[in-house]
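Visitor: Could you look at this predicted model? Sequence included:
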Amino acid sequence: LGDVARETGTVIIASLFEKRSAGVYHNSAAIIDTDGKLLGKYRKMHIPDDPLYHEKFYFAPGDLGFQAWQTTHGKIGVCVCWDQWYPEAARLTALRGAEIIFYPTAIGWHPSEKKEFGAAQHSAWETIQRSHAIANGCYVAAANRVGHEAPAGGDGIEFWGQSFVCGPDGEIVAKASVDGEEILLADIDWNRVTVHRTHWPFLRDRRVDAYGGLDRRMID
């Protein structure tokens, strides 16, 4: 992958099943810059245990925190899949200076539920990530899986694809199809991040002295 990054002048975010030691594994992403060198890695922080997503059996929670890396093409942050539902993850990544947050993802419908819940589920997925872009004045890029995976004895999951990139105002600037593998291209203007954070200064106006309860599971 380092050779590919160097030959094409691209930054590569590579998802991987990281073996840390015997019995300790992470759902991780490696960040490789255009010179082919490894900038760092991110370990998925939020580990789900949902129907057909029994990740707590396989993965330990990440312990590297939320990060951002200065690449040749801009300062990027990376979170993984289930992390995309958490405003705290996006906010802490943005506070590290990320101008775009990438979410490698594998999410889809349970075929038996698609008719009743499918549209709302997809809308929620897209909306939460667009809201991260708005609230943090950055771009968001969600790369989702396509296709159908059916384990023995079940209907499996129909991954809904529709990878997309949205800008700091939350508008979608590029979007892929539901069921086809493809290369998605989007034009990025880093000046829009500066303008958005200047005119909608959410990061400036945060009441950091008032958020102490966020470090508690619930406020009873």
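Guide: Sure thing, it's come through.

Visitor: How about Gly108, nearest residue that isn't a chain neighbour?
Guide: Leaving out its chain neighbours, the residue that sits closest to Gly108 by C-beta to C-beta, 6 or more residues apart in numbering is Phe159, at 3.6 Å. C-beta here means a position set from N, CA and C on the backbone, and glycine is covered the same way.

Visitor: and the one you found, what are its bridge partners?
Guide: Beta-bridge pairing for Phe159 (DSSP bridges): Gly108, Gly147.

Visitor: OK, contacts around it?
Guide: Contacts for Phe159 (C-beta atoms under 8 Å, 6 or more residues apart in numbering) come out as Ala106, Ile107, Gly108, Asn144, Arg145, Val146, Gly147, His148, Glu149.

Visitor: cool, and Glu18?
Guide: Contact analysis of Glu18 by C-beta under 8 Å, 6+ apart lists Tyr25, His26, Asn27, Ser28, Lys41, Arg43.

Visitor: Could you rerun that using 7 Å?
Guide: Tyr25, His26, Ser28 (C-beta atoms under 7 Å, 6 or more residues apart in numbering).

Visitor: In strands, which of these appear?
Guide: Tyr25, His26, Ser28 (DSSP state E).

Visitor: so Leu38 makes contact with Ala29?
Guide: No - taking contacts as C-beta atoms under 7 Å, Leu38 lies outside contact range of Ala29: 11.3 Å.

Visitor: number of nearby residues for the spatially closest residue to Thr71 that is not a sequence neighbour?
Guide: With sequence-adjacent residues excluded and distances taken as C-beta to C-beta, 6+ apart, Thr71 is closest to Val11, at 4.7 Å. For Val11, the tally of surrounding residues (other C-beta atoms under 10 Å) stands at 18.

Visitor: wait, Val11 sits on Thr34?
Guide: Yes - here Val11 reaches Thr34: they are 6.1 Å apart, a contact under C-beta under 7 Å.

Visitor: Quickly list what's touching both of those two.
Guide: Common contact partners of Val11 and Thr34 (C-beta under 7 Å, 6+ apart): Ala5, Thr72.

Visitor: Let me see the backbone angles for Asp49.
Guide: Reported as degrees, to the nearest 10, the phi and psi values for Asp49 are phi -140, psi 80.

Visitor: Tell me how many other residues crowd the nearest residue to it once chain neighbours are set aside.
Guide: Leaving aside its sequence neighbours, Asp49 sits nearest to Lys56 (C-beta to C-beta, 6+ apart; 4.5 Å). Neighbour count for Lys56, taken as other C-beta under 10 Å: 12.

Visitor: likewise Ala14?
Guide: Residues within reach of Ala14, counting by other C-beta under 10 Å, total 16.

Visitor: That one and Pro151, how far apart?
Guide: For Ala14, the distance to Pro151 (C-beta to C-beta, to the nearest Å) stands at 25 Å.

Visitor: How about His73?
Guide: Counting by C-beta to C-beta, the gap from His73 to Pro151 is 39 Å.

Visitor: neighbour count winner among those two?
Guide: The neighbour count for His73 versus Pro151, taken as other C-beta under 10 Å, is higher for His73 (15 against 9).
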